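1. 3D, please:
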Amino acid sequence: MAEISIEQIKKLKELSGAGLTDAKQALVEADGDFDKALEAMRKKGLTKAEKRGDRETREGLVDAYIHDGRLGAIVEVNCETSFVAKTDEFKTLVHQIAMQVASMAPLYVSEENIPAEAREAKMKELEENFKGPENMKNQILEGQMKKAFADKVLLNQPYILDDTKTVEQFIKEAIAKTGENITVRQFKRIELGVTE
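-> Numbering: from 1, shown residues only. Model prediction:
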């Protein structure tokens, strides 16, 4: 069995947001392999984060990001308690989401927010232009629908500060760290000279 130092335990605790005991246990289970332990902790944290997804969010912040006086975004991000809403980590998260909205111009927070009319219109267009095997039509159209709205849905977009994850994964990591459910309630993007 590999020797585990207190520095490794502290570092893992800091990176994962878990307690010392959990960090030590993860290192023991990973036989001292720090990266493996961190990955295990993240998976555990994200699993817990998904369970928190049903909890009500009534607190939070509204923040804005303005770029060069030419475009900006205002967002409302909610959490469960005013305590978390006042932390620097949460304030940073909300500001980064405002930056994401300003930069990537999403239209909807999640897939559930896409209006039925927009879905139906896109599906009709895709069906009219469909050129493929009939037996695969439904699967292909479903894939094309997902792709058509991918860059328009905030949670599905690649996160601008780390494109190896989506905005949804970025938020789930924050949920794992804070121990609270976090939701993006709404946003508005404004660009100089552009009207909806």
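2. after the lowest-mean-pLDDT helix or strand in the chain, which helix or strand is next?
-> Least confident helix or strand of the chain, by mean pLDDT, DSSP states H and E, is helix 34-52 with a mean of 65. Of the helices and strands lying after helix 34-52 in sequence (DSSP states H and E), the nearest is strand 59-67.
3. mind listing what that following strand pairs with, with the direction of each?
-> strand 71-79 (antiparallel) (DSSP bridges).
4. what's the average pLDDT for the partner strand?
-> For strand 71-79, the mean per-residue pLDDT is 95.
5. residues contacting it, please?
-> Outside of strand 71-79, the residues within contact range by C-beta atoms under 8 Å, 6 or more residues apart in numbering are 57-66, 85, 90, 93-94, 97-99, 101-102, 178, 180-192. From N, CA and C alone the C-beta is placed, and that goes for glycine too.
6. avg pLDDT for stretch 89-96?
-> 96.
7. should've said stretch 100-115
-> Throughout stretch 100-115, pLDDT has a mean value of 93.
8. so what touches it?
-> If you take C-beta under 8 Å, 6+ apart as the criterion, stretch 100-115 is touched by 65-67, 71-73, 75, 149, 151-157, 159-160, 167, 184-187, 189, 191.
9. for it, buried residues please.
-> By 16 or more other C-beta atoms under 10 Å, the buried positions in stretch 100-115 come out as 100-109, 113-114.
10. which stretches of the protein form strands?
-> Residue ranges of the strands in the chain, as given by DSSP state E, are 59-67, 71-79, 158-159, 162-166, 183-191.
11. check those for me and report the most buried one.
-> Highest mean neighbour count among the strands of the chain (mean count of other C-beta atoms under 10 Å): strand 71-79, with a mean of 21.
12. report the angle between that strand and strand 183-191.
-> Counting by axes from the mean of the first three to the mean of the last three C-alpha atoms, to 10 degrees, strand 71-79 lies at 170 degrees to strand 183-191.
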